[in-house]
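J.: Requesting a structural model of the entry that follows:
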Amino acid sequence: MKRFFRIAGFSLVALAVAGVIGFWVFARSRHAEPAAEALAALASDDLVAVEDNEYLVYRPVAQPPRMGIVFYPGAGCDVRGYAQVLRRIASAGFLVVQVRMPLEFAFLAPNAASDVLPAFPEINRWAIIGHSLGGAMAGQYVSSNPDAMRGLVIWDSFPPPGNRLAEFKGSIWHIHRATMEGAPPDFFDKNRNKFPDTTRWVPIKGGIHMFFGAFVGGAYKEEWIPEITRSRQHDLVVLATLEALSAIETAG
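T.: Numbers count the residues shown, from 1 in each chain. Got it, this is the predicted structure:
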């Protein structure tokens with residue numbers, strides 16, 4: 001009998017190890033590298049100081065931060081791929097803290113924001129932004145921690161089932177890709193009920209999912225060919241996000 005349990009124990013360990021290795025291989029197959037221009041945006045200058053330690057942090061230089069922003073990246077996305085967009089948000093006066101997710105999957109650490117806030121005790125007002133899977137997990141975070149954040153900005157995603165965003169008192173903005181006529185993807189419309197009626201929907205006309213950052217490779221399959229350049233989409237995303245953050249800041 002002891003031999004049976006020993007063999008069973010070894011088998012369970014082997015299965016667990018195989019599962020971890022299999023998931024690691026899957027995760028690496030979806031990995032999206034930062035584009036060269038995103039890496040170039042990681043240099044500090046007179047407007048934004050970039051700190052790369054436990055978190056990737058963009059800190060405004062000219063003024064104390066107006067508010068702190070926690071950022072959850074999309075699945076398989078190297079956090080550095082968002083540098084061009086996020087440093088521009090920081091230059092408007094926001095402290096932006098990017099979370100590196102385990103194996104680049106935010107569902108493995110949906111409550112990571114709870115560790116970010118005490119790491120920056122000088123900031124007493126926070127909002128959270130998430131792209132794709134990161135947006136879904138940001139929605140899950142505010143659903144579970146409704147008093148932690150003043151607002152939620154989702155880039156091209158929607159909260160997972162069961163999240164009660166209707167009970168979240170902060171502002172919610174959904175900035176999403178859209179056709180040139182402004183229509184979101186069909187499955188966004190089908191999941192509109194996951195958002196409160198007060199949610200602001202902001203279409204990025206002609207934009208695509210991966211142009212919320214600047215990436216090379218990755219496994220995401222776009223629904224349509226972009227009708228605007230990545231640079232133009234970055235401009236629109238920055239403008240919409242700053243509008244959202246200003247509304248969140250003044251509403252709190």
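J.: Quick check: which element contains residue 51?
T.: With elements delineated by DSSP states H and E, residue 51 resides in strand 48-52, which encompasses its position.
J.: what pairs with that strand, and is each one parallel or antiparallel?
T.: Using DSSP bridges, the neighbouring strands of strand 48-52 in the sheet come out as strand 56-60 (antiparallel).
J.: Can you list the buried residues in the strand it pairs with?
T.: Judged by neighbour count (16 or more other C-beta atoms under 10 Å), strand 56-60 contains these buried residues: 56-60. Every C-beta, even on glycine, is put in place using the N, C-alpha and C of the backbone.
J.: now residue 233: how far from residue 185?
T.: 15 Å (C-beta to C-beta, to the nearest Å).
J.: Outside of the strand holding residue 51 itself, list whatever touches it.
T.: 42-44, 56-61, 83, 87, 90-91 (C-beta atoms under 8 Å, 6 or more residues apart in numbering).
J.: in it, what's buried?
T.: Within strand 48-52, the residues that count as buried by 16+ other C-beta under 10 Å are 48, 50.
J.: Quick one: mean pLDDT over that strand.
T.: Strand 48-52 comes out with an average pLDDT of 97.
J.: what does stretch 184-198 give?
T.: This predicted structure assigns stretch 184-198 an average pLDDT of 90.
J.: what's around the residue nearest to residue 101 when sequence neighbours are not counted, how many residues?
T.: Counting by C-beta to C-beta, 6 or more residues apart in numbering, the nearest residue to residue 101 once its immediate chain neighbours are dropped is residue 109, at 5.5 Å. Counted with other C-beta atoms under 10 Å, the burial measure for residue 109 works out to 18 neighbours.
J.: wait, doesn't residue 109 sit right on residue 116?
T.: No: under the contact definition of C-beta atoms under 8 Å, residue 109 does not touch residue 116, with a separation of 10.9 Å.
J.: list residues touching both of those two?
T.: Shared contacts of residue 109 and residue 116 (C-beta under 8 Å, 6+ apart): residue 99.
J.: What mean pLDDT does stretch 208-228 get?
T.: Mean per-residue pLDDT for stretch 208-228: 96.
J.: One more: stretch 76-89?
T.: The predicted model assigns stretch 76-89 a mean pLDDT of 98.
J.: quick one: the helices in the stretch 1-150 of the chain?
T.: Taking DSSP state H, counting those that start in this stretch, the helices of the stretch 1-150 of the chain run over residues 2-29, 36-40, 83-91, 113-119, 133-144.
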